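Novice: everything below, folded, please.
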Amino acid sequence: MPFPSRAGVAMQAVLTIDLGAIAANWAMLRDRMAPGLVAGVVKADGYGLGAAPVGRALLAAGCRHFFVAHLAEGMALRAVLGPGPMIAVLNGFAPGADEDAALVPVLNGLPDLAAHAAAGRRRPVILHVDTGMSRLGLDARELELLAAEPGRLGPLELRYVMTHLAVADTPAHPLNAAQAARFAAARARLPAAPFSFANSSGCFLGPDFASDLSRPGCALYGVNPTPGAPNPMRQAVTLAAPILQVRDIPAGETVGYGATWRATRPSRIATVAAGYADGYLRALSGRAVGILAGRPAPLIGRVSMDLITFDVTDAPACHPGEMIQLIGPGNTPDEVAERAGTIGYEILTSLGARYRRDYLGA
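Specialist: Numbering: from 1, shown residues only. Here you go, the predicted model:
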């Protein structure tokens with residue numbers, strides 16, 4: 001499909017998603033965590049990259065366990081993947097709310113468990129035990145009550161017991177070992193069931209964090225699960241946006257809202273079709289770079305709703321219609337995130353709906 005254009009100038013940014021890289025990342029983690037199984041976490045619309053195409057690619061690669069956050073995400077994914085794979089909903093849902101989608105609710109407390117048990121339906125569930133996140137999951141009091149009265153499970157089939165690591169991206173943090181010990185103690189007090197432990201970074205913490213089912217998310221999409229060390233994952237995302245206009249300005253001229261950037265020399269400015277309405281964060285104002293003909297060009301001035309500006313004075317000659325890379329080789333989601341003062345997760349999940357999306361390996 002051609003870009004919308006104005007006087008022959010491309011007008012639409014392009015987000016390219018490498019499904020082959022995502023599948024390869026999953027396969028690498030599958031081999032790393034064997035003999036345990038490895039799920040694909042595709043919540044938040046596949047971390048902003050499209051749950052449907054990502055889910056299909058992972059299914060074709062052999063993935064048979066998927067996690068989403070919300071019921072609606074699970075029902076949509078079931079319509080794409082068909083009846084075979086397990087699709088678990090991390091935030092849980094009311095009994096019967098999944099209609100015919102056959103989803104697996106994650107039970108995050110005794111009230112969730114009681115509601116599903118009272119429904120009288122034999123269905124698989126995942127029991128979440130909190131071991132240090134202090135967010136969702138059975139707390140210590142609820143664990144005591146369930147351990148003393150396992151009949152509370154009623155007709156439910158305990159498919160997995162899970163917990164969630166809080167600081168897996170900081171391997172030396174003592175909470176990692178504490179959570180491993182707490183989880184082992186909790187499992188010993190519950191009915192025997194397979195268990196699910198490691199997230200993306202947890203997959204790199206060593207054998208104490210192995211389990212029957214690991215749940216990587218960000219690593220599938222190329223975000224570094226080992227901050228401070230080389231990224232073991234393949235990059236899966238490239239974002240490029242078209243230059244709409246190139247103009248020369250004199251020294252002393254300002255650019256953009258708030259006049260936050262002033263030229264200290266005669267400068268050439270490229271105005272590019274992307275902005276915070278596209279998920280290109282305003283926090284990148286004056287901090288980001290674009291890659292033009294293999295060379296970095298600094299983003300100047302503020303990121304506005306639909307436009308950003310780059311100083312291309314020292315770049316090779318460029319023209320309207322040329323594409324400048326906003327995310328990609330040499331400018332990864334993690335690197336963009338560092339400049340914005342955030343994490344790669346937010347960069348990916350913020351990607352907007354106005355990009356043309358090209359899927360490689362689809």
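Novice: list the buried ones in stretch 72-86?
Specialist: 73, 74, 75, 76, 77, 78, 81, 85, 86 (16 or more other CB atoms under 10 Å). (Each C-beta comes from the backbone N, C-alpha and C, glycine too.)
Novice: cool, and stretch 136-156?
Specialist: Buried-residue list, stretch 136-156, by 16+ other CB under 10 Å: 136, 137, 138, 142, 143, 146, 153, 156.
Novice: off-centre distance for the longest strand anywhere in the chain?
Specialist: Longest strand in the chain by number of residues (criterion: DSSP state E): strand 237-249. Distance, stretch centre to chain centre, for strand 237-249: 26 Å (CA atoms, centre = their mean, to the nearest Å).
Novice: stretch 109-126 too?
Specialist: 29 Å.
Novice: and for stretch 313-326?
Specialist: Here stretch 313-326 is found 29 Å from its chain centre; the criterion is CA atoms, centre = their mean.
Novice: same thing with stretch 69-87?
Specialist: Centre to centre, stretch against its chain (CA atoms, centre = their mean), the figure for stretch 69-87 is 17 Å.
Novice: do stretch 192-209 as well
Specialist: On CA atoms, centre = their mean, the centre of stretch 192-209 falls 19 Å from the chain's centre.
Novice: list the buried residues of it.
Specialist: Residues of stretch 192-209 classed as buried: 193-205, 209 (neighbour count, 16+ other CB under 10 Å).
Novice: possible to save those residues as CSV with distance to residue 314?
Specialist: Listed next are the buried residues of stretch 192-209 as CSV, based on distance: CB to CB, whole Å:
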residue, distance to residue 314
193, 61
194, 57
195, 55
196, 51
197, 49
198, 45
199, 42
200, 38
201, 38
202, 43
203, 41
204, 39
205, 43
209, 47
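Novice: with respect to residue 108, which of those residues is nearest?
Specialist: Set against residue 108, the nearest of the buried residues of stretch 192-209 by CB to CB is residue 196 (13.8 Å).
Novice: quick one: average pLDDT of stretch 150-167?
Specialist: For stretch 150-167, mean pLDDT rounds to 96.
Novice: let me redo that: stretch 103-117
Specialist: 97.
Novice: give me the buried positions along it.
Specialist: Applying 16+ other CB under 10 Å to stretch 103-117 flags 103, 104, 105, 106, 107, 108, 109, 110, 112, 113, 116, 117 as buried.
Novice: do you know the pLDDT at the residue nearest to residue 295 when sequence neighbours are not counted?
Specialist: Among residues not flanking residue 295 along the chain, residue 315 sits closest, at 5.6 Å (CB to CB, 6 or more residues apart in numbering). We have a pLDDT of 88 for residue 315.
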